[in-house]
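1. here is the input, now give the coordinates:
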Amino acid sequence: MSRGFHLVSFLAIAGTASVLASCEQSPYGRDEFSTVVVDEYTFRVSKAGSAWVSWWVQDNFLVDFIPPLPVLKPKQIEAIERASGCNVLAAEYFAGAVQPAYLQASVDC
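-> Now for the predicted structure:
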């Protein structure tokens with residue numbers, strides 16, 4: 001076989017490995033997060049600079065819809081407090097997020 005064929009094969013395998021590796025990352029580009037369950041709602045919690053963030057995790061991809069934000073917010077605050085070990089001072093939903101239930105919080109430790 002030609003060298004060109006081997007190069008193309010190598011690039012195809014490397015590209016496939018890259019795509020598969022990217023599937024293992026969490027949403028919003030955060031690799032390190034905690035999973036916290038509050039009253040049967042599952043959240044991911046991560047430190048983002050000086051803030052903490054939380055997003056709701058859909059348990060059943062076929063039928064779940066994002067619950068009302070007023071229901072989620074106190075549960076997300078509790079999830080952030082559990083994961084961070086700190087008290088949430090203020091928390092607001094991030095308007096530019098892919099998911100509407102993406103909460104950013106400032107904390108006091």
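2. end-to-end on stretch 51-71?
-> This stretch, stretch 51-71, spans 22 Å end to end (Cα to Cα, to the nearest Å).
3. and for it, what's in contact with it?
-> Stretch 51-71 has contacts (Cβ atoms under 8 Å, 6 or more residues apart in numbering) with 27-28, 30, 35-36, 41-47, 72, 76-77, 79-80, 83-84, 86, 88, 93-94, 97, 99-107. Yep, even glycine has a C-beta here, placed from its N, CA and C like the rest.
4. quick one: mean pLDDT for the helix or strand encompassing Ala79?
-> Counting by DSSP states H and E, the element that carries Ala79 is helix 69-84. The average pLDDT within helix 69-84 is 96.
5. beyond it, next helix or strand please.
-> strand 87-93.
6. list the buried residues for that next one?
-> Residues of strand 87-93 classed as buried: Val88, Ala91 (neighbour count, 16 or more other Cβ atoms under 10 Å).
7. downstream of the lowest-mean-pLDDT helix or strand in the chain, the next helix or strand is which one?
-> Across the helices and strands of the chain, mean confidence by mean pLDDT, DSSP states H and E is lowest for helix 3-23: a mean of 39. Remark: after helix 3-23, the chain's next helix or strand is strand 34-38, criterion DSSP H and E.
8. ok, that next one: who's next to it in the sheet?
-> Strand 34-38 sits in its sheet next to strand 41-48 (antiparallel), going by DSSP bridges.
9. now the contacts of stretch 51-71: which count as buried?
-> By 16+ other Cβ under 10 Å, the contacts of stretch 51-71 give 28, 36, 41, 43-47, 72, 76-77, 79-80, 83-84, 88, 94, 101-105, 107 as buried.
10. tell me how the chain divides into domains.
-> Segmentation of the chain into domains, based on automatic domain parsing, reads 1-26, 32-108.
11. list the contacts of the closest residue to Gly85 other than its chain neighbours.
-> Nearest non-adjacent residue to Gly85, counting by Cβ to Cβ, 6 or more residues apart in numbering: Cys109, 6.8 Å away. Contacts were defined as Cβ under 8 Å, 6+ apart; by that measure Cys109 touches Ser84, Gly85, Cys86, Asn87.
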